[in-house]
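>>> need a structure here:
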Amino acid sequence: MELNIKNTHKRIKKRDLILDSAVLMFSQHGYHNTKLEQITKALDLTDKSIYYYFSSKGDLFLEAVISIQSKLDILIASINNMDVTHLEKIKTYTNKAMSINGLTLLMQLPKSLSEFVKYDVIKSNEANQYKIWTSWFINGQVDGSMIHGNADEYRNFLFGSLFYLHQRYAIRDNETYAQIQPFIEKMIDRMYSTNFQRFQ
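Here you go, the predicted structure:
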């Protein structure tokens, strides 16, 4: 049996549009306060059409989170290939990652969805990304660009701050992250840069 490439492409596109709408609505209203009709209204679809692509609202939410994690994986891989200090890698990450819609959903994973198989996939992805982020702080201490200290604590503090700022500026006020990136870079220098501390 031949695969209908045209129909398959249309289905993938529609699925991606539903995911994009879901990321936006879940980010604005949270998982529990988002209704499927909010997600489909902007796309001129019926609520039932979601069930062709996703088995439930929970499945849709988890797929939305996985799509965000996939974008972060691509970004992380590109940054790892950069020939710069690890301090610069962290600055580049903050600049690029903060433009990804729905980033705050990574911190809003409902435990009520823990029975889903994809919940474990998300947690595994999260653990792998944490290892890479932590390695940037560790290697930054090795290459001399970053002060010595607990890499896990540094990572948690910085990325916790970034999630808050993403929610505050990119979601609630519809402001671009580019406006506060200089402030973020200065904050990173003050907290972690050996160059900044050397000149104090």
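
>>> CA atoms for contacts and neighbours, from now on please.
OK.

>>> got a list of what the residue sitting nearest the centre point of the chain touches?
By CA atoms, centre = their mean, the mean C-alpha position of the chain lies nearest to residue 103, the distance being 3.7 Å. Neighbour list for residue 103: 68, 163, 166 [criterion: CA atoms under 8 Å, 6 or more residues apart in numbering].

>>> same deal with residue 85?
Counted by CA under 8 Å, 6+ apart, residue 85 has contacts 140, 143, 145.

>>> any idea which of those residues has the most stuff around it?
When the contacts of residue 85 are compared by neighbour count (other CA atoms under 10 Å), residue 140 ends up highest, at 24 neighbours.

>>> picking that back up, pick out whichever of the contacts of residue 103 sits closest to residue 98.
residue 166 (6.3 Å; CA to CA).

>>> Surely the closest one and residue 107 touch.
No - between residue 166 and residue 107 there is no contact, the gap being 11.5 Å when judged by CA atoms under 8 Å.

>>> Those two - which one has more neighbours?
The neighbour count for residue 166 versus residue 107, taken as other CA under 10 Å, is higher for residue 166 (23 against 11).

>>> Distance check, that one against residue 104.
7 Å (CA to CA, to the nearest Å).

>>> any weak-confidence spans in the protein?
1-9, 167, 169-177, 197-200 (pLDDT under 70).

>>> for the protein, which helix is longest?
helix 5-33 (DSSP state H).

>>> could the contacts of residue 85 go into JSON lines alongside distance to residue 123?
Below are the contacts of residue 85 laid out as JSON lines (distance: CA to CA, whole Å):
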{"residue": "140", "distance to residue 123": "26"}
{"residue": "143", "distance to residue 123": "30"}
{"residue": "145", "distance to residue 123": "30"}
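
>>> now, among these, which is nearest to residue 48?
residue 140 (50.0 Å).

>>> quick one, what contacts the closest one?
Neighbours of residue 140 in contact, by CA under 8 Å, 6+ apart: 85, 86, 87, 146, 147.

>>> and residue 115, that's in a helix?
No - membership of residue 115 in a helix is not supported by DSSP: H, G, I helix; E, B strand; the rest coil, which gives coil.

>>> so where do the helices sit in the protein?
Counting by DSSP H, the helices of the chain are 5-33, 36-41, 47-53, 57-80, 86-97, 117-142, 151-165, 181-192, 194-198.

>>> what's the closest of the ones you listed to residue 111?
helix 117-142 (8.9 Å).

>>> Just the buried residues of that closest one, please?
Within helix 117-142, the residues scored as buried using 16 or more other CA atoms under 10 Å are 118-119, 122, 129, 133-141.

>>> now stretch 38-54
39, 40, 50, 53, 54.
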